[in-house]
Every structure is written in structure tokens, then in C-alpha cells.
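**Student:** Could you work out the structure for the sequence below:
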Amino acid sequence: MHLPDCVLSDHLQDTDADTDVRVDQPEEKAKITSVTLEKDEAEIEAEFFFAVECFLEEVQSIRTTIKDSWGVYKRTGYDLVIATLLTNTAIELVRQADDQLELLVERPAKYPAANFPV
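**Tutor:** Alright, predicted model coming up:
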């Protein structure tokens with residue numbers, strides 16, 4: 001295979017194109033006025049109930065999976081360890097999800113956590 005002489009050359013030519021680099025100074029950004037968004041109580045309540053409904057649907061899905069796992073054990077006598085581990089893991093996941101729900105969702109004023117726990 002024959003390579004051109006320019007590839008075999010051991011020196012590179014410097015071009016002036018890369019020495020004329022111009023860096024633009026950043027422009028001053030316009031001042032941003034801070035804005036406070038306020039939700040009305042009806043919107044807060046709607047979002048709260050939607051979040052609770054989604055949470056309960058997920059819990060129901062988990063319950064169905066656990067029930068199926070115990071059904072397999074009841075019918076076959078096998079997989080006791082799997083059903084037990086699945087149940088314990090599901091309980092912990094639901095507890096964590098409950099804690100996260102409480103942190104992420106804004107409660108309506110008429111449903112305080114002390115009187116209406118999730």
C-alpha cells in the first residue's frame with residue numbers, strides 16, 4: 001500500500017485560520033421579574049384527590065400481585081419463600097410510597113393530615 005507524502009511527513013503546517021479566533025463577550029441578560037403562582041383551593045383539592053386515587057390504584061395492583069403469589073402457594077405448596085419475600089417487599093414499598101405522597105402532594109386546607117391521613 002502506498003501512502004501519500006503528506007501523510008508520511010513528520011511536520012505539520014500551522015494555518016493562520018485557527019489563530020484568529022474571536023470570543024464574543026456574553027451579553028448582559030435582561031432582569032427577570034420574580035412571579036409567585038397561587039393555586040386556588042379547588043385546584044389543590046383536585047390535585048390531591050387525583051394523587052390519592054393514583055396511589056390507591058397502585059396499592060390495589062400490588063395487592064393483586066401478592067394475592068396471586070399466595071394463591072400459587074396455596075394450590076401447589078411451593079414458593080412459600082417467594083410469597084413471603086414478595087409480601088414483605090410490597091409492604092415496605094407501600095410504606096415508602098405513602099411517605100413520598102405525603103411529601104409531594106399539597107394538602108387542601110380542609111383535609112389536614114392529623115384528621116385525614118392518607
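
**Student:** What segments of the protein are helices?
**Tutor:** Secondary structure of the chain (DSSP state H): helices at 5-8, 41-76, 80-104.

**Student:** looking at those helices, which is closest to Tyr111?
**Tutor:** Checking the helices of the chain against Tyr111 by Cβ to Cβ gives helix 41-76 as the closest, at 6.9 Å. Where you see a C-beta, it was placed from the backbone N, CA and C, and this is true even at glycine.

**Student:** packing partners for that closest one?
**Tutor:** helix 80-104 (3 or more Cβ pairs under 8 Å, 6 or more residues apart in numbering; DSSP states H and E).

**Student:** which other residues reach stretch 66-80?
**Tutor:** The contact list for stretch 66-80 (Cβ atoms under 8 Å, 6 or more residues apart in numbering) reads 82-83, 86-87, 90.

**Student:** The helices of the chain into a markdown table, with extra columns for mean neighbour count, distance to Ile32 and mean pLDDT?
**Tutor:** A markdown table is the format used below for the helices of the chain (neighbours: other Cβ atoms under 10 Å; distance: least, Cβ to Cβ, whole Å; pLDDT from 0 to 100):
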| stretch | mean neighbour count | distance to Ile32 | mean pLDDT |
| --- | --- | --- | --- |
| helix 5-8 | 7 | 54 | 56 |
| helix 41-76 | 13 | 25 | 95 |
| helix 80-104 | 12 | 27 | 95 |
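
**Student:** mind putting the ones you listed in CSV, distance to Asn115 included?
**Tutor:** Below are the helices of the chain laid out as CSV (distance: least, Cβ to Cβ, whole Å):
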stretch, distance to Asn115
helix 5-8, 81
helix 41-76, 14
helix 80-104, 14
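
**Student:** I'd like to know which of the ones you listed is closest to Phe116.
**Tutor:** Closest to Phe116 of those is helix 41-76 (Cβ to Cβ; 9.8 Å).

**Student:** ok and the closest one relative to helix 80-104, angle-wise?
**Tutor:** 180 degrees (axes from the mean of the first three to the mean of the last three Cα atoms, to 10 degrees).
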